[in-house]
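Trainee: Below: sequence and its predicted model.
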Amino acid sequence: MLYNQNQGLKVSILASGSSGNVTYIESEKKKILVDSGLSGKKIIEMLKKIDRDAADLDAILVTHEHRDHIHGVGVLARKYHLDVYANEKTWQAMSPIIGEIKNEQKFIFEMGKVITIGDIDIESFGVSHDAIAPQFYSFHKNDKRFVMLTDTGYVSDRMRGVLSDANAYLFESNHDLQMLRMGPYPWHLKQRILGDKGHLSNEDGALALAEMIGNKTKRIYLGHLSKDNNMKELAHMTAENILKEKELDVGRAFSVYDTDPSEPTSLFIV
């Protein structure tokens, strides 16, 4: 694929869901994964599906230490000698799980900071989730912006303001409230998911998005759907209905897309 000088980023959500999360981001100069929540072998296969080679990767950014976000980090980092970025507390929590990584591959990316990797400016921001110090990322290039926000129990007013009017979003739509309440999960797990440090429901995710979408926004990807407490069709319908109720021009000004736990999205340009 050829680039022009005004182009932003190429992105594919390789996997998104309760079983594993991996996102691929590419510029002229760098190829990055955000999280590696599947096995190394599976991630290599996913990359091949979008005609990309894991050997060309440069770095992995980690959001938090839960297994559905770090399962393949150690394997890929060692196999391809990748730089790995996470905040200090997340490094402490995930190091025993991912195994040994050479010191020269370890980088601290603290919450609320901006770093530059190659030609991509990356801003980290904290979220409300039951991990040690969870953070997600906003990617900037050539006045284009891609925001990733999943694994949070709520979206604060500050987050809404800072993350508004991005060109594209990967946004949490974890569960349908009725399916979760009526489903087989034990009460303590339901409470965890519904709490301030849990996950956004279809409704809450869409309501937060409605306050963040701007004129630049063209693509919204619904992510981290629960295998047991949600369905793609339900998440998609809920999001579109709420956005339409808020008098947003769904399908014309911007589009809503699904993600999958085992099939990557097509590469799209931000």
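Mentor: Noted; the coordinates are in hand. Numbers count the residues shown, from 1 in each chain.
Trainee: all contacts plus neighbour counts: C-alpha atoms, from now on.
Mentor: OK.
Trainee: Now do D157: how many residues are near it, please.
Mentor: The local packing of D157 (other CA atoms under 10 Å) involves 10 other residues.
Trainee: so what's it up against?
Mentor: Residues in contact with D157 (CA atoms under 8 Å, 6 or more residues apart in numbering): none are found.
Trainee: and if you look at K29?
Mentor: 118-119.
Trainee: and the top helix by length along the chain, which residues are buried?
Mentor: Secondary structure of the chain per DSSP state H: the longest helix is helix 232-245. If you call a residue buried by 16 or more other CA atoms under 10 Å, then helix 232-245 has these buried ones: 232, 235-236, 238-240, 242-243.
Trainee: Stretch 81-101 too?
Mentor: Buried-residue list, stretch 81-101, by 16+ other CA under 10 Å: 81-87, 89-91, 93-94, 98, 101.
Trainee: Could you do stretch 19-37 as well?
Mentor: For stretch 19-37, the neighbour count (16+ other CA under 10 Å) marks 19-28, 30-37 as buried.
Trainee: What of stretch 261-270?
Mentor: 261-262, 264-265, 267, 269-270.
Trainee: sorry, back to before: possible to save the buried residues of stretch 81-101 as CSV with pLDDT, secondary structure and distance to G251?
Mentor: Shown next, in CSV, are the buried residues of stretch 81-101 (pLDDT from 0 to 100; DSSP: H, G, I helix; E, B strand; the rest coil; distance: CA to CA, whole Å):
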residue, pLDDT, secondary structure, distance to G251
H81, 98, coil, 42
L82, 98, coil, 39
D83, 98, strand, 38
V84, 98, strand, 37
Y85, 99, strand, 36
A86, 98, strand, 36
N87, 98, coil, 38
K89, 98, helix, 41
T90, 98, helix, 38
W91, 98, helix, 41
A93, 98, helix, 42
M94, 98, helix, 40
I98, 98, helix, 41
I101, 97, coil, 45
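Trainee: so where's this structure uncertain?
Mentor: Applying pLDDT under 70 to the chain picks out residues 1-6.
Trainee: Which residue ranges of it form strands?
Mentor: For the chain, the strands defined by DSSP state E cover 10-15, 22-26, 31-34, 59-61, 83-86, 106-108, 114-117, 120-126, 135-141, 144-149, 168-172, 219-223, 255-258, 268-269.
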